[in-house]
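In: My questions are about this predicted structure, shown below with the sequence.
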Amino acid sequence: MSRKTVRATVTGRVQQVGYRQACRQTARSLDLVGWVRNLDDGSVEVLAQGEDQAVDTLVNWMWSGPSAAVVTGIESDNVAPDRTLKDFFIYPNPGKNH
């Protein structure tokens, strides 16, 4: 079983539409750990790690997101794993640093 960690920035109408909550629910259903947060520029940033296929499934889901979202782009990169993560959580405030 291969594992990976991806950091992605999702652009479009992705704030104030339940995107972070839906992302957390989807990530948890895929047994991923990581986090999601709003950024000051109106985008959403996601860090997800777990089994390769599960991470890929979440990245594919990010293109649609919840029904009220309108995703116009996603930039993602493989990054080093964060071994301290035990759950998938939401940062509560826009622009709050990790």
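Out: Everything's here; your move. Everything numeric here is computed off the predicted structure, so don't read it as measured data.
In: any idea where the strands of the protein begin and end?
Out: 3-13, 33-38, 44-51, 70-78, 88-90 (DSSP state E).
In: Could you export those strands as TSV, including mean neighbour count?
Out: C-beta coordinates here come from the backbone N, C-alpha and C atoms, glycine included. Supplementary listing: the strands of the chain in TSV, determined by neighbours: other CB atoms under 10 Å:
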stretch	mean neighbour count
strand 3-13	18
strand 33-38	22
strand 44-51	22
strand 70-78	12
strand 88-90	18
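In: With distance to Val59 as extra columns, can I get those in CSV?
Out: CSV is the format used below for these (distance: least, CB to CB, whole Å):
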stretch, distance to Val59
strand 3-13, 6
strand 33-38, 12
strand 44-51, 8
strand 70-78, 6
strand 88-90, 14
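In: Would you reformat those as TSV and include mean pLDDT and distance to Gln21?
Out: Converted to TSV, the strands of the chain look like this (pLDDT from 0 to 100; distance: least, CB to CB, whole Å):
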stretch	mean pLDDT	distance to Gln21
strand 3-13	97	14
strand 33-38	97	9
strand 44-51	98	11
strand 70-78	97	16
strand 88-90	97	7
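In: which one of those lies closest to Asn60?
Out: Across those, Asn60 has its closest neighbour in strand 70-78 (9.7 Å, CB to CB).
In: Quickly run through the sheet partners of the closest one, with directions.
Out: Sheet neighbours of strand 70-78, with direction, are listed as strand 3-13 (antiparallel) (DSSP bridges).
In: Using CSV, write down the CA coordinates of the partner strand.
Out: Included here for strand 3-13 are C-alpha records, laid out as CSV according to Å, rounded to 0.1, in the frame of the first residue of the first chain:
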residue,chain,number,x,y,z
ARG,A,3,1.0,6.5,0.6
LYS,A,4,1.3,10.1,-0.4
THR,A,5,0.7,13.7,0.8
VAL,A,6,-0.8,16.4,-1.4
ARG,A,7,-1.2,20.1,-0.8
ALA,A,8,-3.8,21.7,-3.0
THR,A,9,-5.2,25.2,-3.6
VAL,A,10,-8.8,25.3,-4.9
THR,A,11,-10.0,28.5,-6.6
GLY,A,12,-13.4,29.7,-7.6
ARG,A,13,-16.5,30.2,-5.4
